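Participant: need the 3D shape of this:
(chains A, B, C and D)
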2 protein chains.
Amino acid sequence: MNISSEIEQFILSVLGSGDEITLSRNELAQYFSVAPSQINYVLSTRFTLSRGFIVKSKRGGGGGITLVRIAGGEDLVSGQLKELSETDILPENRARDMVERLAEAKAITERERAVILAGVSDKALEGAEESGRLRRNIYIEILIALMRK
Amino acid sequence: MNISSEIEQFILSVLGSGDEITLSRNELAQYFSVAPSQINYVLSTRFTLSRGFIVKSKRGGGGGITLVRIAGGEDLVSGQLKELSETDILPENRARDMVERLAEAKAITERERAVILAGVSDKALEGAEESGRLRRNIYIEILIALMRK
DNA sequence: AAGTCAAAAGTCAAACAAGGTCAAACCTGA
DNA sequence: TCAGGTTTGACCTTGTTTGACTTTTGACTT
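Facilitator: The predicted structure is shown next:
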């Protein structure tokens, strides 16, 4: 496993089932012997909004970084549908984050998560023209199905 | 024996009776003194779905290639995978039948059924070239996801 | 109250570390 | 001989790690 993922796991384990944690970028970087900016990398790739986190930070003496896990909104699904109505294409990364978000919020089960991720993966769509548009279509249909259940 | 077959045998012997192995493309290539892309050749000719393997990979630092041997073909899911490995296209009505069979056998839940049907529906794939091939791809990925859970 | 400064955190691009693709060259057995 | 499988290498894409430089902020002077 790479260091970024270890740091992610570490943060998640300290967070436990809580929904907020404050940490020091420099301390964390030192603890893992990496460049401080690596912490930013971890935050921006692993603790994104679409994965259900908000990152707040303050610079200067006594500053720090706070991660907040946001509660699963009741109609995340229709929120995502609305979100999709405003774009033409859906890149794989973004789709993945959206699905993770549903899982995070317990709007879907582990298995459903795996199934949906598989269905909108680059692998599944490989060879297709305009895969971004297609992925959006597929995901929209899936969201509609979820909403009806 | 050619080098590709030797590499195949080597991988199989390391895999032994296990059903999963992770390897490094570069290391393996170096070990056999071949071009790294030869490993891709071996994977794509020897470790195919129809021979009972799925290949996953990740690029970048900490990346690697994982081979998974799929179950012998007793259960419905791997049976369907095998079935699909023998065709190029999957029309919507046939996909629907296959999904219904899974639901019938309780291999998937009601919601999973709805999600999968949505994902492989004509509606979702509307506008795509070669929707039959695409649908087959998507359904294969979904089956693989189901199998791994 | 204003100025200074060190202690945070942020940004960004380059380097590094995988794996992927594709086509040309190369074998080899009917 | 020649078609099909094999081997190689040049170039591509994605994900990670590092470091130099910038910005913000609170505490401490004056």
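
Participant: for chain B, what is the nearest residue in chain A?
Facilitator: A:N2 (2.8 Å; Cβ to the nearest Cβ). C-beta: built from backbone N, CA, C; applies to glycine.

Participant: confirm for me that that residue is in contact with B:G61.
Facilitator: Yes. Contact criterion Cβ atoms under 8 Å: A:N2 and B:G61 qualify, at 5.4 Å.

Participant: give me the three-state assignment for the residue lying closest to the residue of chain A closest to chain B once chain neighbours are set aside.
Facilitator: Spatial nearest neighbour of A:N2, excluding adjacent residues (Cβ to Cβ, 6 or more residues apart in numbering or on different chains): B:G62 at 2.8 Å. What DSSP: H, G, I helix; E, B strand; the rest coil gives for B:G62 is coil.

Participant: hmm, the helix or strand containing A:R135 in reach of DNA strand C?
Facilitator: Per DSSP states H and E: A:R135 is located in helix A:131-147. No. Residues of helix A:131-147 are not located near DNA strand C by Cβ under 7 Å from any atom of the strand, the shortest gap being 12.7 Å.

Participant: which other helices and strands contact that helix?
Facilitator: Counting contacts by 3 or more Cβ pairs under 8 Å, 6 or more residues apart in numbering or on different chains; DSSP states H and E, helix A:131-147 packs against helix A:76-85, helix A:92-104, helix A:110-120, helix A:122-125, helix B:110-120, helix B:122-125.

Participant: how does it look with 6 Å?
Facilitator: helix A:76-85, helix A:110-120, helix B:110-120, helix B:122-125 (3 or more Cβ pairs under 6 Å, 6 or more residues apart in numbering or on different chains; DSSP states H and E).

Participant: export these to JSON lines and tack on mean neighbour count and mean pLDDT?
Facilitator: JSON lines is the format used below for the helices and strands packed on helix A:131-147 (neighbours: other Cβ atoms under 10 Å in any protein chain shown; pLDDT from 0 to 100):
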{"stretch": "helix A:76-85", "mean neighbour count": "16", "mean pLDDT": "90"}
{"stretch": "helix A:110-120", "mean neighbour count": "22", "mean pLDDT": "94"}
{"stretch": "helix B:110-120", "mean neighbour count": "22", "mean pLDDT": "97"}
{"stretch": "helix B:122-125", "mean neighbour count": "19", "mean pLDDT": "96"}
